[in-house]
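[1] Predicted model follows, preceded by the sequence.
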Amino acid sequence: MEEKYSKQSIDRFLFIKEEMLTKLKQDNVKTLGQLSKKTRTDLKNYGFESFEINKIDIELQLLGLSLKGSN
């Protein structure tokens, strides 16, 4: 399942604030696979709150992916 979703756009699967999607895209994070290579610390550096990071990690896990270092 992981391969199926790794090339999907973050727009289609992540339900987060538009400004956060924009921050990710500005750093060339456009797919779920690219996002799964990021750590929780990386997301904090983008300005995400802990609850938002948890939500992203859960959404990724439901698709068979996870943030780097979150297994």
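    All right, it came through fine.
[2] pLDDT averaged over stretch 31-51 - what is it?
    What stretch 31-51 shows for mean pLDDT is 94.
[3] Tell me the buried residues in that stretch?
    By 16 or more other Cβ atoms under 10 Å, the buried positions in stretch 31-51 come out as 31-33, 35-36, 38, 40, 42-43, 48. In this view, the C-beta of every residue, glycine as well, is placed from N, C-alpha and C.
[4] likewise stretch 62-69?
    Buried residues in stretch 62-69, counted by 16+ other Cβ under 10 Å: 63, 65, 67.
[5] Just put these in CSV and tack on distance to Lys4, pLDDT and secondary structure.
    What follows is these, written out as CSV (distance: Cβ to Cβ, whole Å; pLDDT from 0 to 100; DSSP: H, G, I helix; E, B strand; the rest coil):
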residue, distance to Lys4, pLDDT, secondary structure
Leu63, 8, 89, coil
Leu65, 10, 93, coil
Leu67, 18, 95, coil
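[6] May I see those residues organised as JSON lines, with distance to Ile16 added?
    As requested, these are arranged in JSON lines below (distance: Cβ to Cβ, whole Å):
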{"residue": "Leu63", "distance to Ile16": "15"}
{"residue": "Leu65", "distance to Ile16": "15"}
{"residue": "Leu67", "distance to Ile16": "13"}
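[7] Grab the nearest non-local neighbour of Ser66.
    Counting by Cβ to Cβ, 6 or more residues apart in numbering, Leu60 is the residue found nearest to Ser66 once chain neighbours are left out, at 5.3 Å.
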